[in-house]
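>>> Structure for this input, please:
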Amino acid sequence: MVKISFQPVTKEREEDKFSVPQPHEQLVPVLQPKKPFPSGLCCLATGLAVFTSGLVLASILIYRHYFVPQVPEDSLFHCRIFYDDSVFAPLRGRQELEENVGIFLDDNYEQISVPVPHFGGSDPADIIHDFQRGLTAYYDIALDKCYVTELNTTLVMPPRSLWELLVNVKRGTYLPQTYIVQEEMVVTGRVRNMRQLGPFIHRLCYAKETYRLMRRRNQRHRIERRQAKKCHRIRHFENTFVVETVICERF
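Prediction:
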């Protein structure tokens, strides 16, 4: 009889196996793979910064060009004119008119600012004479209304001539005549399309009630005093004499 026997086989568990590092062995750290640098994000941020800077610069240039016109100092004048009012105040003696004038030779227009006068009977106003479009705009500050009419080149000097006149007045080599000329205007209707007036008048009259004016052809009959309450006067200097523009509603 044959006897068969089996030797017991013992398996070592993997968790029971460990090795003790020898003194001469060095521990090598496990290096994690580096994430790639987001170069696309960097380019996008740089592009946005350049675009924003360009947008800010363009906004500043547009604002300075369209809203804050830069005028050379030799084209800005402060005028004080003395004249005789023989129409409404013949006994008051000489009257004084004060205004600021800006002459834009390159754009061919003039801008006049008349503050509140020392005497009564005239409204403060801002005036633009656009020789390129042949238009004049009066912004009556007291009424907060704009009035537009055809440019009267008989009364208004062109920019170059007015500039030369004011330079001579400033130097004291010429004194303007001291009489007054009156022009009578009547309101004919409301202006709806402001862009047709050009950029300079559009800027002056933007968001304001704007009306068209027609010049009275027959200037022989003066406006009666009983009608004065329906009319407004703006006195300004833009020639060798003072001009009084009388703006009246339809009677």
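
>>> so when I look at residue 196, I'm seeing a helix, right?
Yes: Residue 196: assigned to a helix according to DSSP: H, G, I helix; E, B strand; the rest coil.

>>> Relative to residue 148, how far out is residue 209?
11 Å (CB to CB, to the nearest Å). For every residue, glycine as well, the C-beta is placed using N, CA and C.

>>> Doesn't residue 192 belong to a helix?
No: counting by three-state DSSP, residue 192 is not part of a helix but coil.

>>> List the contacts of it.
By CB atoms under 8 Å, 6 or more residues apart in numbering, residue 192 lies in contact with nothing.

>>> Check residue 155 too.
Residue 155 makes contacts with 181, 183, 238, 239, 243, as judged by CB under 8 Å, 6+ apart.

>>> That one: helix or strand, and which one exactly?
Counting by DSSP states H and E, no helix or strand carries residue 155.

>>> looking at the protein, which helix or strand is least sure?
Of all helical and strand segments in the chain, the minimum by mean pLDDT, DSSP states H and E falls on helix 39-66, at a mean of 68.

>>> so what does the helix or strand following it touch, helix or strand wise?
Heading C-terminal from helix 39-66, the first helix or strand you meet, by DSSP H and E, is strand 76-84. Here strand 76-84 touches strand 94-104, helix 159-171, going by 3 or more CB pairs under 8 Å, 6 or more residues apart in numbering; DSSP states H and E.

>>> pLDDT wise, what is the closest residue to residue 125 other than its chain neighbours at?
Nearest residue to residue 125 in three dimensions, chain neighbours excluded: residue 234, at 4.5 Å (CB to CB, 6 or more residues apart in numbering). Residue 234 carries a pLDDT value of 96.

>>> Residue 234 contacts residue 242, correct?
No: using CB atoms under 8 Å, residue 234 is not in contact with residue 242, being 11.0 Å away.

>>> Confirm residue 182 sits in a strand?
Yes: judged by three-state DSSP, residue 182 forms part of a strand.

>>> how about the nearest residue to it, chain neighbours excluded?
Nearest residue to residue 182, sequence neighbours excluded (CB to CB, 6+ apart): residue 244, at 4.7 Å.

>>> shaky segments in this protein?
For the chain, the stretches flagged by pLDDT under 70 are 1-40, 56-73, 86-92, 119-120, 218-229, 251.

>>> what about 80?
The chain contains residues with pLDDT under 80 at 1-51, 53-74, 85-94, 118-121, 172-178, 217-229, 250-251.

>>> what comes up buried for stretch 177-192?
Buried residues in stretch 177-192, counting neighbours by 16 or more other CB atoms under 10 Å, are found at 178, 180, 182, 183, 184, 185, 186, 187, 191.

>>> then that stretch to PDB, C-alphas only?
Taking Å, rounded to 0.1, in the frame of the first residue of the first chain, the C-alpha atoms of stretch 177-192 are listed here in PDB:
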ATOM      1  CA  GLN A 177     -18.500 152.200 -35.000                       C
ATOM      2  CA  THR A 178     -21.000 152.600 -32.300                       C
ATOM      3  CA  TYR A 179     -24.400 152.400 -34.000                       C
ATOM      4  CA  ILE A 180     -26.900 149.600 -33.900                       C
ATOM      5  CA  VAL A 181     -28.600 147.800 -36.800                       C
ATOM      6  CA  GLN A 182     -31.900 145.900 -36.300                       C
ATOM      7  CA  GLU A 183     -33.100 142.800 -38.100                       C
ATOM      8  CA  GLU A 184     -36.600 141.400 -37.600                       C
ATOM      9  CA  MET A 185     -37.300 137.600 -37.700                       C
ATOM     10  CA  VAL A 186     -40.500 135.700 -37.400                       C
ATOM     11  CA  VAL A 187     -40.900 132.000 -36.400                       C
ATOM     12  CA  THR A 188     -42.200 129.900 -39.200                       C
ATOM     13  CA  GLY A 189     -42.300 126.300 -37.800                       C
ATOM     14  CA  ARG A 190     -40.600 123.600 -35.900                       C
ATOM     15  CA  VAL A 191     -37.400 121.900 -37.000                       C
ATOM     16  CA  ARG A 192     -37.700 118.100 -36.800                       C
END
